[in-house]
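Undergrad: Could you work out the structure for the sequence below:
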Amino acid sequence: MAKPPRELIEFLYPYDPPVQSLALGLRTVVLEEMAPCHEYIFSMRSKVVLLYGPTERVIADCICSINVFARHVTLVFHRGKNLKDTHGILEGTGKAMRHIRLNRLSELDRPEIKALLRQARKQAGLKRPRQRTPDAVITRVKANPARRSPWPPTFR
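TA: From the prediction side, this is the model:
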């Protein structure tokens, strides 16, 4: 599967090792079910976000995303309200989005997660090829802007 880009590793560096492992493990699970797809990675305030969609317009066409927080990781389904959640693991009360909160690496083995990913992929019309290619994921990373000095500037 697609090796994590160097920039993603840098984004995850400030997090504790268990959260880093959980984020990278969830990325692997998502890519196993969603590839071929487009991936867009960026840092936003206090979290790292990984978006997945069928086209290069990942923000507009997003199927699911991974949000990395200080103590947990969430798998967000952007049209999760339309998914059949037979196990009742989806959380949230928004108009469209639903999410699964993950705290431990062992939770990645839950078959319900893969079933929801497959269902979301099918709902979005993303088809799986008969033969998988190793470069089935097109990744873009939004680099962190240079840190700005605090305002107002301090003079010595």
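
Undergrad: so residue 106, which of the three states?
TA: helix (DSSP: H, G, I helix; E, B strand; the rest coil).

Undergrad: I'd like to know how many residues surround it.
TA: Residue 106 has 10 neighbours, counted by other CB atoms under 10 Å. Every residue, glycine included, has its C-beta placed from N, CA and C.

Undergrad: repeat for the one 3 residues further on
TA: Neighbouring residues of residue 109 were enumerated by other CB under 10 Å; the total is 10.

Undergrad: same thing with residue 47?
TA: Around residue 47 there are 16 other residues, counting by other CB under 10 Å.

Undergrad: what's near enough to touch it?
TA: 67-69 (CB atoms under 8 Å, 6 or more residues apart in numbering).

Undergrad: Any idea what it is bridged to?
TA: With DSSP bridges as the criterion, residue 47 is bridged to residue 44.

Undergrad: just the contacts of residue 47 now: which is nearest residue 84?
TA: The nearest member of these to residue 84, counting by CB to CB, is residue 67 at 22.9 Å.

Undergrad: confidence score at that closest one?
TA: As predicted, residue 67 sits at a pLDDT of 97.

Undergrad: Now it: which helix or strand?
TA: Assigned by DSSP states H and E, residue 67 falls within strand 64-68.

Undergrad: Next one: residue 94 from residue 15, what distance?
TA: 26 Å (CB to CB, to the nearest Å).
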